[in-house]
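Colleague: give me a model of this one.
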Amino acid sequence: MLTVADAFTAVLQTVRDMGTEMLPFEAANGRVLREPVKADRPFPPFDRVTMDGVAILYDSYARGQQIFGVEDIQAAGLPRLQLSNTANCIEVMTGAILPELTDTVIPYEQLQPTDHEGFRRFTVTGEVTQGQNIHRKGSDVAEGAVLLSPGTVIGPAEAGVLATVGKTQVLVAKLPRVAVIATGNELVPVDATPEEHQVRISNIYNLMASLQQCGITATYVHLSDEEAAMRERLEPLLQETDVWISSGAVSAGKYDYLPAVLQRLGMQQRFHKVQQRPGKPFLFGTFDNGPVVFALPGNPVSGFMCFYRYVLPWLKAAMGAQQDATLYAVLQETVNFRPALEYYLPVKLQSLPDGRWGAFPQPYHGSGDLASLLMADAFMALPLDKNTFEPGSCYPVWKFR
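Modeller: I've put the predicted structure just below:
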């Protein structure tokens, strides 16, 4: 039986590149970028006015001039004007290009307007600093600089950058073809009324919802607890999918046929059972030129935890996504746990006054307690070499919300 660390290493050693495809940038939200995106010109691309007011040549002000006549108005989006007389000014609007022969912008709040014989003038009423209220060309990003690196997940900010540089087509990772597999004769459809000995299919739907958050739409398969039927349903999927995520039939029960069926189909078992709770019966394997198999335990919390601890990091790595840094939180209550297993405790995360995350354990009645996940948003990983975990101690957490 592997430790969690060894199991996680074994999982990541099987990562496969999903390949790439070109998409219109409007359709790339949530996808993983697989090429660098560079600035096609400086940011900002010109000396940009940041306040409504007037643009002057500072030297005129420095020589004691306080009154400036208006020559013209420089609006945003209009070609650059030029000051013809450095004793005058040009009115400028926020976002406009700075007129030639000017180097300082005085906001209207520091000006007193007057009119003399139809000629508009402004008197300076506040202190002026040379170069003020100007966003200089290239001061944010130089032309040719890398703005987005491969592995970036495209979101709203990235979409705005893609639009800014005119990147209408973007190279992204292909989404893996995933089959989500439910097992068990006790399972009935969600819209059915279960008999006393039956339950509605549910585990699969939280897995599919988690995949949808990554932009992945999975194929759904339900297997009965019969070896021949399992093999018949799974065999066609070998060439049609990249990843199998199953729920149930991997423990030591008389009807847990899935491990044997997978091996007869040619799966190479990497490990079966991990020193963790929940999720100890977790089975992982690979096919040559076929899918990677995450055979998760059937208890809902077990499978849910294993998805976020193992499956999601594999999927992100396969799409070339930058891996998230491990998040740590401070335990807020005493927890006792005796088996020599790494314990994944459902917790609610809250920001503490000192800026750290606090982890508050939630009522939890074991790996079959699906409702316990409603009040939690992460699993806290408590190490297997201790039995008592004190408040104030810090441990890694794996967020699912």
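Colleague: quick check: mean pLDDT of stretch 279-294?
Modeller: Average pLDDT, stretch 279-294: 95.
Colleague: buried ones in that stretch, by neighbour count?
Modeller: Judged by neighbour count (16 or more other C-beta atoms under 10 Å), stretch 279-294 contains these buried residues: 279-287, 290-294. Yep, even glycine has a C-beta here, placed from its N, CA and C like the rest.
Colleague: now stretch 163-181
Modeller: In stretch 163-181, counting by 16+ other C-beta under 10 Å, buried: 164-165, 167, 170-181.
Colleague: among those, which ones are in helices?
Modeller: Counting by DSSP state H, these place Thr164 in helices.
Colleague: neighbours of Lys316, just the number please.
Modeller: 19 (other C-beta atoms under 10 Å).
Colleague: that one against Tyr310, yeah?
Modeller: No - using C-beta atoms under 8 Å, Lys316 makes no contact with Tyr310, being 11.4 Å away.
Colleague: for the strand or helix carrying Leu349, packing partners?
Modeller: For Leu349, the enclosing helix or strand under DSSP states H and E is strand 342-351. When contacts are defined as 3 or more C-beta pairs under 8 Å, 6 or more residues apart in numbering; DSSP states H and E, strand 342-351 packs onto strand 276-277, strand 357-361, strand 378-382, strand 394-399.
Colleague: now whichever helix or strand comes after the first one: how far from the chain's centre is it?
Modeller: It stands for strand 276-277. Downstream of strand 276-277, the next assigned helix or strand under DSSP H and E is strand 283-286. Distance of strand 283-286 from the chain centroid (C-alpha atoms, centre = their mean, to the nearest Å) equals 26 Å.
Colleague: repeat for stretch 15-22
Modeller: On C-alpha atoms, centre = their mean, the centre of stretch 15-22 falls 18 Å from that of its chain.
Colleague: what comes up buried for that stretch?
Modeller: Val15, Met18, Thr20.
Colleague: for stretch 50-66, same thing?
Modeller: Thr50, Met51, Asp52, Gly53, Val54, Ala55, Ile56, Leu57, Tyr58, Ser60, Tyr61.
Colleague: please apply the same query to stretch 64-75.
Modeller: For stretch 64-75, the neighbour count (16+ other C-beta under 10 Å) marks Phe68, Val70, Glu71, Asp72, Gln74 as buried.
Colleague: domains in the chain, by residue range?
Modeller: 4-18+175-318, 20-43+139-173, 48-135, 327-399 (automatic domain parsing).
Colleague: which of those domains is buried the deepest?
Modeller: A comparison of these by mean neighbour count, using mean count of other C-beta atoms under 10 Å, puts domain 4-18+175-318 on top with a mean of 18.
Colleague: picking that back up, now the buried residues of stretch 64-75 as a markdown table including pLDDT and secondary structure?
Modeller: What follows is those, written out as a markdown table (pLDDT from 0 to 100; DSSP: H, G, I helix; E, B strand; the rest coil):
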| residue | pLDDT | secondary structure |
| --- | --- | --- |
| Phe68 | 97 | strand |
| Val70 | 97 | strand |
| Glu71 | 96 | strand |
| Asp72 | 96 | strand |
| Gln74 | 98 | strand |
